[in-house]
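Colleague: fold the following and give me the result.
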Amino acid sequence: MVSTRARNERGAAAVLFALLAVLLLGIGAFAVDFGQAYAKKSLIQTDVDLAALAAAAELDDEDSCNSDVVTKATEFLKKSENAVPGQATDGSGGVAVDLDNLDHNDGYIICEDWTVKLWAPYAHVPFGLARALPGNFDGVDVDAEAWAQVRAARAGATLPFFAVTGCDYGLQSIRNDSKTPSTPPAPDLLPDSVDKDNSLVFTISTNPNPIPTGTDAVTVTLTGKDLGGVTQVGFATATAHHEVTISTTPKGTTTITVTLPNEVRTVDDTWFVRVMTPDKKGLNSWSSDSTAQSLTVGPPKLYCDASNEGNFGTIDVPRSDPAHVVEMNIIWGVEPALEPHPSPTGECSSLISENNNPVDGTNCVATEPGLKVAETNRGLITGVDADDPGRLDSASTSNCSRAHSDSRTSATILGTHINDDLLSCFISNGATIGDLVSSRDESDDGYHALSADIFNSPRFFWVPIFNSDPDTGKKYWPIKEFRPGFISEERLTDRRDAHGDITDLNGLVSDDSGHNIRELKVILFDRTALPDVAPTVGGEGDYTGAGPKAIVLVK
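Modeller: Reported below is the predicted structural model:
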């Protein structure tokens, strides 16, 4: 016979088993249902992460969401292909999104501190097995949020130079002395002489000077000791040639005046002037390329004011490490971050530092005219130490040297072969460099014509722009805006895989001994030629409303 005690033990075991079975069933039910909820939350999280990143790229104000931000986020979250089962629909298969909905049911968005904070619409996950358990477990609502922040991209960095309104587009120059502005040597001009070059030497003057693109009735006057016998005046580049025929000039003629051909006055470029005379055999003979005189058509180039130091100068911004300030600002970019001044006119009196420590967000900077020779040599070429090499002491960006490789320049300066990147290599369509300079909106050929690869080139940079020329002496000047630029002397007519002759160092001019940089030539262009967003590489700084954006997911 089974004792009463045994029967009680069996009954207790059965009850315990039943309770454990219910518990295990409940745990399993919750595990299955909450697993489904977690899976759906993961899907929503992916959607909201991508939507926030896309929306942040449209931010143009530090603390408010503009319509483009809201539209971009809404469009991404509404897409039917991004819909997660359980989200409310809008009747056409897409997700119901209302980012102004304060209770977050249909999503919500906030923009502050250059950050988009975005919540995706809820998805309801109905329970299955868990519904059978006591407690009325009907289901759960899941959502997800993402914060995407605009950071200042480490893309080219801001160099410690400045440009002035009126001299802030196109070909510009900074110099360290008062020598005559250098002119690039004439390339092999077309056409060649049939026999040999004649020996005529002359100078030229133009009216007007400089020559704006498309100006009517431009005259060119040639002056020489004896221009007798000249029958044609030629205007040439390495790829183009246009001639003006004149009546044969008598012996002893010292001046010849011609009208600039339409084909020349409408094309931005440096043109070279030669003259033709027939030789004793009656064969046509052009004056030598080496004595050809240059004239420039287009926006002011190299020098658009009377400054001996070129069109822009140096800014004096202290770093946290006071040693080698200018050099380190050239190598790594200006520290601290700079930003536009709210009233960028006239001279300002606010200092750029407190107790010799930099102040973040500096918008009023000290300026000095000209190029600091020793500092620029170290910053661009020789470097400060092994950890801080010169900015241009690097291989060229893949396939963007003039040899279509990563090779450096064939020539050296200060014993160094330097980066040989060409600006034209980064043009991703058929635009010219001139199109980059004049680009403003989507109708322009230069609009977003540059690939993001340009941000990796050490020749790419940003410079602050001032409203007025600080002239001579040290002054504090408010920053108006920032302009992208590239160290280069390429011509405005150059385009990808079609560029004219350039000097061996492409934009760097050395002194007579070849030991120091005497002149730096740059091309300043419109920011709309760049892509809107730069790659995120780490180490991005605080965004101040200027320059390329790097979009970082921070939550």
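Colleague: show me where the stretch 201-350 of the chain has its strands.
Modeller: Counting by DSSP state E, counting those that start in this stretch, residue ranges of the strands within the stretch 201-350 of the chain are 202-207, 219-224, 232-236, 241-245, 255-259, 269-278, 284-286, 293-297, 313-316.
Colleague: for the protein, what helix or strand is lowest in average pLDDT?
Modeller: Ranking every helix and strand in the chain by mean pLDDT, DSSP states H and E puts strand 353-354 at the bottom, with a mean of 48.
Colleague: can you count the residues close to Glu243?
Modeller: Close neighbours of Glu243, defined as other CB atoms under 10 Å, add up to 16. C-betas here are computed from N, CA, C, even on glycine.
Colleague: how about it, what does it touch?
Modeller: With contacts defined as CB atoms under 8 Å, 6 or more residues apart in numbering, Glu243 is in contact with 232-235, 261, 276.
Colleague: low-scoring stretches of the stretch 151-300 of the chain, by residue?
Modeller: Counting by pLDDT under 70, the stretch 151-300 of the chain contains low-confidence ranges at 154-156, 176-186, 298-300.
Colleague: which parts of it are helices?
Modeller: In the stretch 151-300 of the chain, the helices defined using DSSP state H, counting those that start in this stretch lie at 262-265.
Colleague: swap in the stretch 401-550 of the chain?
Modeller: Ranges of helices in the stretch 401-550 of the chain, per DSSP H, counting those that start in this stretch, are 433-438.
Colleague: contacting residues for Asn95?
Modeller: Let me fix one detail, which is that residue 95 is Val and not Asn. By CB under 8 Å, 6+ apart, the residues touching Val95 are 77-80, 82-84, 87-89, 121.
Colleague: need the residues you listed in TSV (columns: pLDDT).
Modeller: Output for these, formatted as TSV (pLDDT from 0 to 100):
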residue	pLDDT
Leu77	83
Lys78	83
Lys79	80
Ser80	65
Asn82	71
Ala83	75
Val84	75
Gln87	72
Ala88	74
Thr89	78
Pro121	84
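Colleague: let's see which of those residues end up in helices.
Modeller: 77-78 (DSSP state H).
Colleague: can you tell me what sits against the helix or strand hosting Glu75?
Modeller: Assigned by DSSP states H and E, Glu75 belongs to helix 67-78. Residues outside helix 67-78 that contact it (CB under 8 Å, 6+ apart) are 47-48, 50-52, 54-60, 82, 90, 94-95, 97, 99, 107, 109, 111, 116, 118, 120-121.
Colleague: again, 7 Å this time
Modeller: With CB atoms under 7 Å, 6 or more residues apart in numbering as the test, helix 67-78 has contacts from 47, 50-51, 54-55, 58-59, 82, 90, 94-95, 97, 99, 107, 109, 111, 116, 118, 120-121.
Colleague: and those, which are buried?
Modeller: In the contacts of helix 67-78, burial by neighbour count holds for 47, 50-51, 54-55, 58-59, 82, 94-95, 97, 99, 107, 109, 111, 116, 118, 120-121, counting by 16 or more other CB atoms under 10 Å.
Colleague: which of those fall in strands?
Modeller: Using DSSP state E, the subset of the buried ones among the contacts of helix 67-78 located in strands is 109, 111, 116, 118.
Colleague: including distance to Lys372 and pLDDT, could these go into TSV?
Modeller: Below are these laid out as TSV (distance: CB to CB, whole Å; pLDDT from 0 to 100):
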residue	distance to Lys372	pLDDT
Ile109	48	88
Cys111	42	89
Val116	42	89
Leu118	47	88
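Colleague: please enumerate the strands of the stretch 451-555 of the chain.
Modeller: Taking DSSP E, counting those that start in this stretch as the criterion, the stretch 451-555 of the chain carries its strands at 460-466, 475-478, 481-487, 508-510, 517-524, 541-542, 549-553.
Colleague: measure Lys41 to Glu540 for me?
Modeller: According to CB to CB, to the nearest Å, Lys41 stands 29 Å off from Glu540.
Colleague: now Arg495
Modeller: With CB to CB as the criterion, Arg495 and Glu540 are 32 Å apart.
Colleague: Ile502 too?
Modeller: Spatial separation of Ile502 from Glu540 under the definition CB to CB is 33 Å.
Colleague: picking that back up, what two of the contacts of Glu243 are the furthest from one another?
Modeller: Using CB to CB, the two most remote members of the contacts of Glu243 are Pro261 and Met276, lying 14.7 Å apart.
Colleague: neighbour-wise, which of those two wins?
Modeller: Taking Pro261 and Met276 together and counting by other CB under 10 Å, Met276 has the greater number of neighbours (22 against 18).
Colleague: shouldn't the more buried one be in contact with Phe235?
Modeller: No: with contacts defined as CB atoms under 7 Å, Met276 does not count as touching Phe235, sitting 11.9 Å away.
Colleague: which of the strands of the stretch 451-555 of the chain has the highest mean neighbour count?
Modeller: Per-residue neighbour counts averaged over each of these give the maximum for strand 460-466, namely a mean of 25 (mean count of other CB atoms under 10 Å).
Colleague: what's across from the closest residue in space to Glu347 that isn't next to it in sequence in the sheet?
Modeller: Counting by CB to CB, 6 or more residues apart in numbering, Lys475 is the residue found nearest to Glu347 once chain neighbours are left out, at 5.7 Å. For Lys475, the residues forming beta bridges with it (DSSP bridges) are Thr367.
Colleague: ok, so what distance separates Lys475 from Asn363?
Modeller: From Lys475 to Asn363 the distance is 15 Å (CB to CB).
Colleague: now Asp387
Modeller: Computed with CB to CB, the distance linking Asp387 and Asn363 is 30 Å.
Colleague: more neighbours, those two?
Modeller: Neighbour comparison, Asp387 and Asn363: the larger count goes to Asn363, with 20 against 7 (by other CB under 10 Å).
Colleague: wait, the more buried one touches Ala337, no?
Modeller: No: Asn363 lies out of contact with Ala337 (CB under 7 Å); the separation is 10.1 Å.
Colleague: okay, stretch 285-301 in PDB with CA atoms only?
Modeller: Coordinates of each C-alpha in stretch 285-301 appear next as PDB, following Å, rounded to 0.1, in the frame of the first residue of the first chain:
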ATOM      1  CA  SER A 285      59.200  82.900 -89.800                       C
ATOM      2  CA  TRP A 286      57.700  83.400 -86.300                       C
ATOM      3  CA  SER A 287      59.500  85.100 -83.500                       C
ATOM      4  CA  SER A 288      60.900  82.700 -80.900                       C
ATOM      5  CA  ASP A 289      58.800  81.100 -78.200                       C
ATOM      6  CA  SER A 290      61.300  82.300 -75.600                       C
ATOM      7  CA  THR A 291      60.700  85.900 -76.400                       C
ATOM      8  CA  ALA A 292      56.900  85.600 -76.700                       C
ATOM      9  CA  GLN A 293      55.000  88.100 -74.600                       C
ATOM     10  CA  SER A 294      52.100  87.000 -72.400                       C
ATOM     11  CA  LEU A 295      48.700  88.500 -71.900                       C
ATOM     12  CA  THR A 296      45.900  87.200 -69.700                       C
ATOM     13  CA  VAL A 297      42.200  87.100 -70.600                       C
ATOM     14  CA  GLY A 298      39.700  86.500 -67.800                       C
ATOM     15  CA  PRO A 299      39.200  87.200 -64.100                       C
ATOM     16  CA  PRO A 300      42.100  89.000 -62.300                       C
ATOM     17  CA  LYS A 301      45.000  86.500 -62.000                       C
END
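Colleague: tell me how far it is from the chain's mean position?
Modeller: Here stretch 285-301 is found 31 Å from its chain centre; the criterion is CA atoms, centre = their mean, to the nearest Å.
Colleague: that older thread, verify the stated contact: the residue nearest to Glu347 with Glu368.
Modeller: No: under the criterion of CB under 7 Å, Lys475 makes no contact with Glu368, lying 8.6 Å away.
Colleague: how long is stretch 477-488 end to end?
Modeller: In terms of CA to CA, to the nearest Å, the two terminal residues of stretch 477-488 are separated by 27 Å.
Colleague: what lies in contact with that stretch?
Modeller: Outside stretch 477-488, the residues within contact range by CB under 7 Å, 6+ apart are 158, 163, 165, 168, 338, 340-341, 343-344, 347-348, 363-365, 367, 422-423, 459-467, 470, 506-507, 520-525, 527, 530, 546-547.
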